[in-house]
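Enquirer: Here you go, sequence then predicted model.
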Amino acid sequence: MASVFKKHTAKWGRRGIALGAGAAATALVLTGCAGGSVSDAALDGISIGTTDKITSLDPAGSYDNGSFAVQNQVFPFLMNTPVGSPDVKPDIATKAEFTNDTTYTVTLKKGLKFANGHDLTSSDVKFSFDRELKINNENGPQSLLANLKSIDTPDDTTVVFNLDHADQTWPQVLSSPAGPIVDEQVFSADKLTPAADIVKGKAFAGQYSISSYKENDTIQYKANKNYDGLLGKPKTDEVTASYYTKETDLKLAVQKGDVDVAYRSLTPTDIADLRKDDKVKVTDGPGGEIRYLVFNFNTQPYGAKQSDADETKALAVRQAVADVVDREKLAKDVYNDTYSPLYSMVPDGLTGASKPFEKLYGDGDGGADVDKAKDTLSKAGVTGKVQLDIQYAPDHYGSTSDDEYAELKTQLENSGLFTVNIQSTVYTTYAQERTKDAYPVYQLGWFPDFSDADNYLSPFFTKDNFVQNHYDDPTIQGLISDEQQESDKDKRATLIEQAQEREATQISTLPLLQGKSVAVAAKDVKGLTLDSSYKFRYATLSK
């Protein structure tokens, strides 16, 4: 799900910043323009442009890349990833370790404070995790805390996490979207706290504080002098992030110097064009991003809540779709090979990754096989064309999603087996409706919380998972539980492979593509770092 950035010291002068959600590509000219724009005189430091959308500033109410990118700048974590490494280390802690198989003890640094002057103690830590579980927001990250049994705080600097079972990923969970530490004197214990209250309360203890916040429009950050953690002081004291609705406007903004850095998302065509522009530099980094289809087990054709519900036929439909999809064509024709075919929910490069969808479906070598799909449907008793209603969100997963889903529609309909209705919805609505069974089949993407195969399994396939598509399989849940507990690396890799194989036979989700991380910056920008932490860091940037 996630990613982040960094900072530096320098003026970027009198530049217009294109507006975000309401009016992308309109330059800011005067103070008081629409969207709470800021004057040129106030714009110092580094400027960042993005098309990512923010679901919630409150960590308990979001589990998406756009929100986490902001939260990473302003909230502290017990564990974090140092620059250039995927391995976590203590952030606002002096020590963190398993004291037995199911107990993880963290010792906080002494004298920690939020930007508002409030003390940051073990009580705030316990409050932060307890409220996530209590609020249990449908778009929140609480599924990552499924193994958390209870938290003890014997003193102000000691936090003891009691787990239901041994979990080798727990230190990384503490660095994930479930891990931001919030101020219990500002945040509500039982409901989401509005962004205006968070900003007014200066409830930040990360590298930056937010001085001005216009959701999905502009955010101004200032270095937080109270931050005392692993990542150190920001290189730039002030950062302004601007939000765009169109990738083409973001491309123009970085070309014209309206923003210093453009990150998420630019189209493959735009990236290819910018590589030829000598006024900017393109940086490529490791990509944990995946794109996939979700089947709602209740509302898909022959789903459990349909009038013609039939589990065998429902599975056959999913299998037939898997037989027909041509990932190579999607990667090449739609994404100019900036993505590669993905044959498992666990992407290539991670320990335990395998490719079960490659051998189980289509021609057994990654290609499509329409005859196999026909046979699968026929054996299940499915007659006539299957109606597929597929939803996607181009404003969140990139406007190239239009081409991606047009190509998917073509592939499916050309098989002669499906009639496909494709519809798109803006993500702020999409995020709500997809969890309410509104979409029988729909698009999601994933930006990892941490670089471990488990992060591509447990959020999707545990009982109370993020996808909420009514997939509930005790066998895969047992495999996930076993791999989380297994300390032997080889044995754990085998369990991870078995979990992938199991899901591929049932197809809760259909993996499509694996991407990479790309940022574009002005030539004078220094410190732009894209690493295997998958976090975009503002605080390393400077000019």
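Expert: Great, that's in hand. Numbering: from 1, shown residues only.
Enquirer: Extract the residue ranges of the chain that are flagged as low pLDDT.
Expert: Counting by pLDDT under 70, the chain contains low-confidence ranges at 1-44.
Enquirer: Could you check how far the nearest residue to Glu184 once chain neighbours are set aside is from Phe68?
Expert: Counting by C-beta to C-beta, 6 or more residues apart in numbering, Phe127 is the residue found nearest to Glu184 once chain neighbours are left out, at 4.0 Å. C-beta coordinates here come from the backbone N, C-alpha and C atoms, glycine included. Distance from Phe127 to Phe68, counting by C-beta to C-beta, to the nearest Å: 20 Å.
Enquirer: Which one's more surrounded, those two?
Expert: Using other C-beta atoms under 10 Å as the criterion, Phe127 and Phe68 rank with Phe68 on top: 29 against 20.
Enquirer: That one belongs to a strand, doesn't it?
Expert: No. With DSSP: H, G, I helix; E, B strand; the rest coil as the criterion, Phe68 is located in helix rather than a strand.
Enquirer: What separation is there between it and Ala60?
Expert: Here the criterion is C-beta to C-beta. By it, Phe68 lies 13 Å from Ala60.
Enquirer: Next, the buried residues of stretch 209-223.
Expert: Of the residues in stretch 209-223, those buried under the neighbour-count criterion (16 or more other C-beta atoms under 10 Å) are 209-210, 212-223.
Enquirer: quick one: the strands in the stretch 251-400 of the chain?
Expert: If you assign secondary structure with DSSP state E, counting those that start in this stretch, the strands in the stretch 251-400 of the chain sit at 261-263, 280-285, 290-295, 339-341, 386-392.
Enquirer: so which strand or helix has the residue nearest to Glu184?
Expert: Assigned by DSSP states H and E, Phe127 falls within helix 122-135.
Enquirer: In PDB, list the C-alpha atoms belonging to that helix.
Expert: The C-alpha atoms that make up helix 122-135 are tabulated as PDB, following Å, rounded to 0.1, in the frame of the first residue of the first chain:
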ATOM      1  CA  SER A 122       4.400   5.000  26.200                       C
ATOM      2  CA  SER A 123       0.800   6.100  26.900                       C
ATOM      3  CA  ASP A 124       0.600   7.800  23.500                       C
ATOM      4  CA  VAL A 125       2.000   4.700  21.900                       C
ATOM      5  CA  LYS A 126      -0.600   2.400  23.500                       C
ATOM      6  CA  PHE A 127      -3.300   4.900  22.700                       C
ATOM      7  CA  SER A 128      -2.300   5.000  19.000                       C
ATOM      8  CA  PHE A 129      -2.600   1.300  18.400                       C
ATOM      9  CA  ASP A 130      -5.700   0.800  20.700                       C
ATOM     10  CA  ARG A 131      -7.700   3.400  18.900                       C
ATOM     11  CA  GLU A 132      -6.900   1.900  15.400                       C
ATOM     12  CA  LEU A 133      -8.400  -1.400  16.600                       C
ATOM     13  CA  LYS A 134     -11.300   0.300  18.300                       C
ATOM     14  CA  ILE A 135     -12.300   2.600  15.500                       C
END
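Enquirer: Give me the distance between that helix and the centre of its chain.
Expert: Between the mean C-alpha location of helix 122-135 and the chain-wide mean there is a distance of 22 Å, by C-alpha atoms, centre = their mean, to the nearest Å.
Enquirer: Please name the nearest non-neighbouring residue to Thr299.
Expert: Nearest one to Thr299, counting by C-beta to C-beta, 6+ apart, is Pro440 at 4.4 Å.
Enquirer: Is it correct that the one you found is in contact with Gly303?
Expert: Yes. In terms of C-beta atoms under 8 Å, Pro440 counts as a neighbour of Gly303; the distance is 7.0 Å.
Enquirer: Common neighbours of these two, please.
Expert: Common contact partners of Pro440 and Gly303 (C-beta atoms under 8 Å, 6 or more residues apart in numbering): Asn296.
Enquirer: circling back: quick one, which of the strands of the stretch 251-400 of the chain is nearest to Phe460?
Expert: strand 290-295 (8.9 Å; C-beta to C-beta).
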